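A.B. asks: Take a look and give me a structure for this.
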Amino acid sequence: MKKFAGKVVYQGDISVERVNELPPKHTEINPSNGQLIVAHSETGHHHFVAASEARFYGTSDPLICYLTVSEKFADLIHNRPGTAHETWRLPTGIYKIRRQREWTPEGWRRV
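C.D. replies: Sure thing, here's the model as predicted:
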């Protein structure tokens with residue numbers, strides 16, 4: 001397990017950046033099967049947060065979301081056996097989570 005000590009960390013195709021506040025327009029997203037899934041994978045190997053006092057917020061950009069951690073810490077876990085993506089321990093705070101994306105002639109798309 002790695003501990004969040006800087007401003008930005010990466011876990012696979014997502015970046016997690018510590019920020020000072022939530023954006024003005026955000027919507028709370030309810031847990032899915034009791035888990036806060038911050039990045040959905042078509043293969044079922046989601047990135048999710050394990051913490052009882054964490055909240056997840058969506059924005060108008062489907063590739064950006066926010067996470068608030070109210071307790072001492074929350075663990076960001078990649079749900080895949082044998083994964084190279086280690087768990088990150090996130091301390092109390094607000095985090096901006098961004099999915100990796102790339103530009104195509106049709107516009108931005110998820111990588």
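A.B. asks: Next, the buried residues of the longest strand along the chain.
C.D. replies: The strand that spans the most residues within the chain, counting by DSSP state E, is strand 64-78. Buried residues in strand 64-78, defined by neighbour count with 16 or more other C-beta atoms under 10 Å: Ile64, Cys65, Tyr66, Leu67, Thr68, Val69, Phe73, Ala74, Leu76, Ile77, His78. C-beta: built from backbone N, CA, C; applies to glycine.
A.B. asks: which other helices and strands contact it?
C.D. replies: strand 14-19, strand 36-39, strand 47-50, strand 54-58, strand 88-99 (3 or more C-beta pairs under 8 Å, 6 or more residues apart in numbering; DSSP states H and E).
A.B. asks: Give me the sheet partners of the last one and which way each runs.
C.D. replies: Spelled out, it's strand 88-99. strand 2-3 (parallel), strand 14-19 (antiparallel), strand 64-78 (antiparallel) (DSSP bridges).
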